[in-house]
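**Q** Here is a sequence with its predicted model. Questions after.
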Amino acid sequence: MEQYYTAFHLSRNDDKLGHGDGRNIVLGETLSISETPSLCNTGLHGSVSIIDCLGYASGSHLWLTEIWGNVKTINDKLCGKNRKAIKQYGDVLLLIVEFAKWCADRAAKSAKSAAKAA
């Protein structure tokens, strides 16, 4: 039985696939490739962790997806022959900015505490 993975994907803001493909990402539809998936090269990618997904973002439109078909995995991402958009969160740019601010504030507080302790 084929294994399905649930993964996040941040797409371009026009909801099209990148790297010269140009197909539209549509909620409920499956995109497929004929090639063998290869991480960082060929395939329909995603990340199990939303935090990891940020590192590969080509835009700020967030999708929850299912990925299957000869899936290749590594620590922070995966790719397969097929990806289906199962939930569309829309443009999450403001959430990304708020998260970045929260991270910066937390780092500043940590650095201040470390400096006091030294």
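**A** In hand now; what should we look at?
**Q** Residue 10 - how many residues pack around it?
**A** 23 (other CB atoms under 10 Å). Any C-beta I mention is one placed from the backbone N, CA and C, and that applies to glycine too.
**Q** next one: residue 27
**A** Neighbours of residue 27 using other CB under 10 Å come to 11.
**Q** just the strands in this protein please.
**A** 5-11, 30-32, 44-46, 61-68, 72-74, 77-80, 82-91 (DSSP state E).
**Q** got the ones you listed as JSON lines, with distance to residue 20 and mean pLDDT columns?
**A** Converted to JSON lines, the strands of the chain look like this (distance: least, CB to CB, whole Å; pLDDT from 0 to 100):
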{"stretch": "strand 5-11", "distance to residue 20": "15", "mean pLDDT": "97"}
{"stretch": "strand 30-32", "distance to residue 20": "14", "mean pLDDT": "98"}
{"stretch": "strand 44-46", "distance to residue 20": "14", "mean pLDDT": "97"}
{"stretch": "strand 61-68", "distance to residue 20": "19", "mean pLDDT": "98"}
{"stretch": "strand 72-74", "distance to residue 20": "21", "mean pLDDT": "96"}
{"stretch": "strand 77-80", "distance to residue 20": "16", "mean pLDDT": "97"}
{"stretch": "strand 82-91", "distance to residue 20": "17", "mean pLDDT": "98"}
